[in-house]
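Undergrad: okay, sequence plus prediction incoming.
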Amino acid sequence: MNVICFEYTGRFGHFLKAEANASAPSYPIPPRTVLLGLLGAVLGLTKDTPQSLLKDAHLALGGKVPGTHWHSANLRKDSPAPLSYTIRRSAKGSSSRQRNTIISQEWLIKPRYRVWANIPDPFHTDLAQRLQDRRWHFSPCLGLSEMSAELNFIGEYSSEILPNGKHWIDTALRRDAGNLDMDLACEQELAIHMLRMPRDVSPERQFQHEAYYVEREGRSIPVTTDQAWQVGKDKVVFL
């Protein structure tokens, strides 16, 4: 199958954790559900439809875990009071009963990822052409609409599945996709994080989670697996 590869980057990012409450921690990498929404924005799909129309998409993600910064945001609880017909110079235009709440958000600093995508027809060809021409229906973002994203087309490659065995994988991968070679990982001083992130979501907004491995510096991970694909010069495992 043909696989599109593009860079997904920006100044700031925030991918809200599903279990977050008052504070707002972020996943260090975009979950598969976020990538589906991103492709939907490029293609012009309406909200919540990419999760069903692109459900069978093959998506892989590589890159470093970015640094983070906790940002204090002012969350307004009540709308301002309406202005009267006669406006005095001293009028403030807000209610004395207005409640504001300060919340903390974990922002990702200069996130930079590489995405590999094969999506169902008839969307695949349209996606490749739109990324090359930099034409998207809705502005891409890194989690929040205020955090603009850059999408840079890298190429489109034919791919082939690799035989079962030990491979150095260049992407994040599901924990159940293979057996991690801990001896080699320790020998190479890899910093491997295990994350639990959403993989699929139903139209009723019910999420299915999976556990993933990701290397902090974006280095290859030694894994014995039968789910590795050769895409150009890279070995990937789809999310």
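TA: Right, received. Where do you want to start? Numbers count the residues shown, from 1 in each chain.

Undergrad: every contact and neighbour count from this point should use C-alpha atoms.
TA: Fine.

Undergrad: contacting residues around the residue most central in space within the chain?
TA: Residue closest to the mean C-alpha point of the chain, counted by C-alpha atoms, centre = their mean, is P30 at 2.0 Å. Counting by C-alpha atoms under 8 Å, 6 or more residues apart in numbering, P30 touches F15, G143.

Undergrad: same question, I29
TA: F15, V65.

Undergrad: SS state for it?
TA: Following DSSP: H, G, I helix; E, B strand; the rest coil, the label given to I29 is coil.

Undergrad: how close does it get to E215?
TA: Distance of I29 to E215, computed by C-alpha to C-alpha, to the nearest Å: 11 Å.

Undergrad: so what sits against both of these two?
TA: With C-alpha under 8 Å, 6+ apart as the test, I29 and E215 both reach V65.

Undergrad: low pLDDT regions in this structure?
TA: 21-22, 75-84, 91-100 (pLDDT under 70).

Undergrad: tell me the strands beside the lengthiest strand in the chain, with direction?
TA: Scanning the chain for the longest strand, with DSSP state E as the assignment, gives strand 150-161. Here strand 150-161 has these sheet partners by DSSP bridges: strand 2-9 (antiparallel), strand 229-231 (antiparallel).

Undergrad: and the next element down the chain from the shortest one?
TA: Following strand 229-231 in sequence order, the next helix or strand is strand 234-236 (DSSP states H and E).

Undergrad: packing partners of that following strand?
TA: strand 165-169, strand 229-231 (3 or more C-alpha pairs under 8 Å, 6 or more residues apart in numbering; DSSP states H and E).

Undergrad: quick one, which of those is nearest to R114?
TA: strand 229-231 (12.6 Å; C-alpha to C-alpha).

Undergrad: quick one: contacts of that closest one?
TA: V3, Y157, S158, S159, E160, I161, L162, K235, V236, V237.

Undergrad: now those residues in JSON lines, with distance to D126?
TA: Conversion of the contacts of strand 229-231 to JSON lines gives the following (distance: C-alpha to C-alpha, whole Å):
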{"residue": "V3", "distance to D126": "13"}
{"residue": "Y157", "distance to D126": "16"}
{"residue": "S158", "distance to D126": "17"}
{"residue": "S159", "distance to D126": "19"}
{"residue": "E160", "distance to D126": "22"}
{"residue": "I161", "distance to D126": "24"}
{"residue": "L162", "distance to D126": "28"}
{"residue": "K235", "distance to D126": "25"}
{"residue": "V236", "distance to D126": "23"}
{"residue": "V237", "distance to D126": "24"}
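
Undergrad: many thanks, we can stop here.
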